[in-house]
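Peer 1: Sequence first, predicted model second:
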Amino acid sequence: MFRAQISALVCGVGGFGALVAATTSNEWRVTTRASSVITATWVYQGLWMNCAGYIQACRGLMIAAVSLGFFGSIIALFGMKCTKVGGSEKAKAKIACLAGVVFILSGLCSMTGCSLYANKITTEFFDPLFIDQKYELGAALFIGWSGASLCIIGGVIFCFSIYDNNKTPRYAYNGATSVMSSRAKYHGGEDVKTANPSKQFDKNAYV
């Protein structure tokens with residue numbers, strides 16, 4: 001379970017770092033190669049260079065993803081078994097599960113934002129009636145998808161940690177109880193043996 005939590009934390013924190021890099025990057029889309037040959041320059045655009053409606057939606061989703069990833073990383077530290085904060089193992093398992101849910105939500109927000117942006121780019125690229133500058137998918141989109149995948153994987157591992165904690169067997173010491181019960185049975189057997197001769201003696205005496 002401890003190794004699984006370490007792997008989940010690495011995935012979650014790594015995914016959070018990738019989301020931050022993708023959100024602040026200016027390479028969400030880049031001019032096509034055909035136009036770059038004509039102009040001899042590459043034109044990059046990010047989330048913060050345009051105020052179109054779909055870009056504002058993607059911007060909000062990426063900000064939400066980064067915020068959730070940050071809080072998920074903090075919560076995950078309290079749910080780790082190697083830390084002394086968070087309470088008992090049962091409480092830590094619940095905290096780790098909460099961190100997993102937060103990481104999953106962060107990954108879904110990032111996945112949705114990147115996919116929405118990429119869909120707009122591909123729609124304009126393959127539209128024969130679109131006469132403005134056409135763009136291709138930038139590196140930031142692939143970084144965002146990778147970060148989202150890591151967050152989701154880490155979140156799933158954290159969620160399964162509560163299942164592993166409930167599955168762990170708990171052994172209780174029943175030695176004293178077994179000894180007492182065996183002694184009770186032994187004395188009970190003596191009582192029966194001592195009682196039977198007395199009853200036989202009484203019957204013989206009256207006969």
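Peer 2: That came through, no problem. Numbers count the residues shown, from 1 in each chain.

Peer 1: contacting residues for the residue nearest the centre of the chain?
Peer 2: Central residue of the chain (C-alpha atoms, centre = their mean): Gly155, 1.3 Å from the mean position. Shown in contact with Gly155 (C-beta atoms under 8 Å, 6 or more residues apart in numbering): Ala8, Gly12, Gly72, Ala99, Gly100, Val101, Val102, Phe103, Ile104, Leu105, Ser106, Gly107. (Glycine included, C-beta is placed from N, CA and C.)

Peer 1: now, which of these sits nearest Thr23?
Peer 2: Checking the contacts of Gly155 against Thr23 by C-beta to C-beta gives Ser106 as the nearest, at 11.7 Å.

Peer 1: returning to what we had before: how confident was the prediction at the residue nearest to the centre of the chain?
Peer 2: We have a pLDDT of 93 for Gly155.

Peer 1: Can you tell me how far it is from Leu47?
Peer 2: 24 Å (C-beta to C-beta, to the nearest Å).

Peer 1: Same check on Val13?
Peer 2: Val13 is 22 Å from Leu47, by C-beta to C-beta.

Peer 1: Verify the stated contact: Gly144 with Gly107.
Peer 2: No: using C-beta atoms under 8 Å, Gly144 is not in contact with Gly107; the gap is 10.1 Å.

Peer 1: what comes up buried for the helix or strand Gly17 falls within?
Peer 2: Element membership for Gly17 (DSSP states H and E) is helix 2-24. Of the residues in helix 2-24, 5, 8-9, 11-20, 22-23 count as buried by neighbour count, 16 or more other C-beta atoms under 10 Å.

Peer 1: how far out from the middle of the chain is that helix?
Peer 2: 10 Å (C-alpha atoms, centre = their mean, to the nearest Å).

Peer 1: Just checking, which helix or strand succeeds it along the chain?
Peer 2: Note on helix 2-24: by DSSP H and E, the next helix or strand toward the C-terminus is strand 29-31.

Peer 1: all helices of this protein, in order?
Peer 2: 2-24, 33-39, 53-79, 89-125, 139-167, 175-206 (DSSP state H).

Peer 1: nearest spatial neighbour of Phe70, skipping sequence neighbours?
Peer 2: Phe16 (6.5 Å; C-beta to C-beta, 6 or more residues apart in numbering).

Peer 1: hmm, I was thinking of Gly72
Peer 2: In this structure, Gly72 finds its nearest non-sequential neighbour in Val102, 3.7 Å apart by C-beta to C-beta, 6+ apart.

Peer 1: Verify the stated contact: that neighbour with Ile75.
Peer 2: Yes: with contact defined as C-beta under 8 Å, Val102 counts as touching Ile75 (6.2 Å).
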